[in-house]
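Student: coordinates only, no sequence provided:
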């Protein structure tokens, strides 16, 4: 049994290739293992962030690849085609974190009616959410186009939800306005929707080419292109959520707003242009937001099901925006995956598109 895997050079993300990986056949699977065929997966700029931070945040260890290469994790769907676990049937559909590949062996553990976990030793030591799989057979919320929205946006909107929760908990650090860079990104406009819903003024920072799309979303009170950010008024406190990871932009905003910059949170790296040591900046010191920390905190405070209940309500309010603003594009086969990967890496994907991919021909 072989899997087709798409891998990238860890020190040069533009270098990528397809390889064949040997897998055990159905009869030789170890006890409780599942062989899963990966039907389709979402690919967005957030997956590029996974690659950029692959070593730092242990993303590369989830799905091993040959020395010097990595397999970028993606959110998607798989079908169980062989099972050695008594409670998981062949034909079951799973949603969760997969490699960019056609197949995966999962060491099923903690199996319940709603989900299971991969207990493989190399997958431990990361946030638990990355090893969890939902059992979604027959669930209309994960079927058809609704399923595509789940794969494309649900993990990103969870990040939006957690950042909004972090800001709300602190009273937005006293800021009256929140600035979001890379405003056309899916995580950014999910966060903008939540901030706007609770009455915060939201300013989206974007490139000239994406201004029309960002404006059309209706969740930004104001849209400014990157070359005009220093014309923004500085008479009220602001918070900055940085989805872009561009050092020059961050430094320019801090210097422009000075002590009015009450909070500066780094979330993404869509631009991949950042300095290792930026030096001291005026205003609040930039900090990384690490979602698993907020999840652990809220899970303890809100109790079992607390996060899911609140997130579900937020998702219900966000879903109509997706149907109005996002078109899903499907591509299949290794060459199509390579093309969409490189286009995403180089920032060539129109913001109104969401890409669902499969390495299966």
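Tutor: Nice, thanks for sending it over. Here the structure is a predicted model, which means the values were calculated and not measured.
Student: now the top helix by length along the chain: average pLDDT?
Tutor: Looking across the chain with DSSP state H, the single longest helix is helix 144-169. Helix 144-169 carries an average pLDDT of 93.
Student: ok, then the element right after that helix?
Tutor: Stepping forward along the backbone from helix 144-169, the first helix or strand reached (DSSP states H and E) is strand 177-180.
Student: what ranges do the helices span in the stretch 251-361 of the chain?
Tutor: Under the criterion DSSP state H, counting those that start in this stretch, helices of the stretch 251-361 of the chain are mapped to 291-302, 306-325, 334-345.
Student: want to throw the ones you listed into CSV with mean neighbour count?
Tutor: Any C-beta I mention is one placed from the backbone N, CA and C, and that applies to glycine too. Formatted as CSV, the helices of the stretch 251-361 of the chain follow (neighbours: other C-beta atoms under 10 Å):
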stretch, mean neighbour count
helix 291-302, 14
helix 306-325, 14
helix 334-345, 17
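Student: of all those helices, which one is nearest residue 6?
Tutor: helix 334-345 (5.4 Å; C-beta to C-beta).
Student: what's the closest one in contact with?
Tutor: If you take C-beta atoms under 8 Å, 6 or more residues apart in numbering as the criterion, helix 334-345 is touched by 4, 6, 8, 13-14, 16, 18, 43-45, 47-48, 100, 331, 349, 355, 357-359.
Student: give the buried subset of those residues as a PyMOL selection command.
Tutor: Selecting the buried subset of the contacts of helix 334-345 in PyMOL, with 16 or more other C-beta atoms under 10 Å as the burial test, is done by:
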select buried, resi 4+6+8+13+16+18+43+44+45+47+48+100+349+355+357+358+359
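Student: just the contacts of helix 334-345: which are in strands?
Tutor: When DSSP state E defines the strands, the subset of those inside them is 4, 6, 8, 13-14, 16, 18, 43, 331, 355, 357-358.
Student: ok, these vs residue 165, which is closest?
Tutor: Compare each of the ones in strands among the contacts of helix 334-345 with residue 165 using C-beta to C-beta and the shortest gap goes to residue 43, at 26.5 Å.
Student: next, the contact list for that closest one, please.
Tutor: 74, 100, 337, 340-341, 344, 355-357.
Student: okay, and the beta partners of it?
Tutor: residue 355 (DSSP bridges).
Student: what about it, distance to residue 359?
Tutor: Counting by C-beta to C-beta, to the nearest Å, the gap from residue 43 to residue 359 is 11 Å.
Student: any shared contact partners between the two?
Tutor: Contact criterion C-beta under 8 Å, 6+ apart; residues bridging residue 43 and residue 359 by contacting each: 100, 337.
Student: and residue 332, how many neighbours?
Tutor: When neighbours are defined as other C-beta atoms under 10 Å, residue 332 has 14 of them.
Student: contacts only, for it.
Tutor: Applying C-beta under 8 Å, 6+ apart, the residues near residue 332 are 357-361.
Student: the stretch 101-250 of the chain: strands as residue ranges?
Tutor: Under the criterion DSSP state E, counting those that start in this stretch, the stretch 101-250 of the chain carries strands at the ranges 103-109, 115-118, 132-135, 177-180, 201-206, 222-225, 238-242.
Student: save those as JSON lines, and put in mean pLDDT, mean neighbour count and distance to residue 297 too.
Tutor: Formatted as JSON lines, the entries for the strands of the stretch 101-250 of the chain read as follows, by pLDDT from 0 to 100; neighbours: other C-beta atoms under 10 Å; distance: least, C-beta to C-beta, whole Å:
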{"stretch": "strand 103-109", "mean pLDDT": "98", "mean neighbour count": "21", "distance to residue 297": "25"}
{"stretch": "strand 115-118", "mean pLDDT": "97", "mean neighbour count": "21", "distance to residue 297": "21"}
{"stretch": "strand 132-135", "mean pLDDT": "96", "mean neighbour count": "20", "distance to residue 297": "18"}
{"stretch": "strand 177-180", "mean pLDDT": "98", "mean neighbour count": "25", "distance to residue 297": "21"}
{"stretch": "strand 201-206", "mean pLDDT": "98", "mean neighbour count": "23", "distance to residue 297": "24"}
{"stretch": "strand 222-225", "mean pLDDT": "97", "mean neighbour count": "17", "distance to residue 297": "32"}
{"stretch": "strand 238-242", "mean pLDDT": "97", "mean neighbour count": "26", "distance to residue 297": "18"}
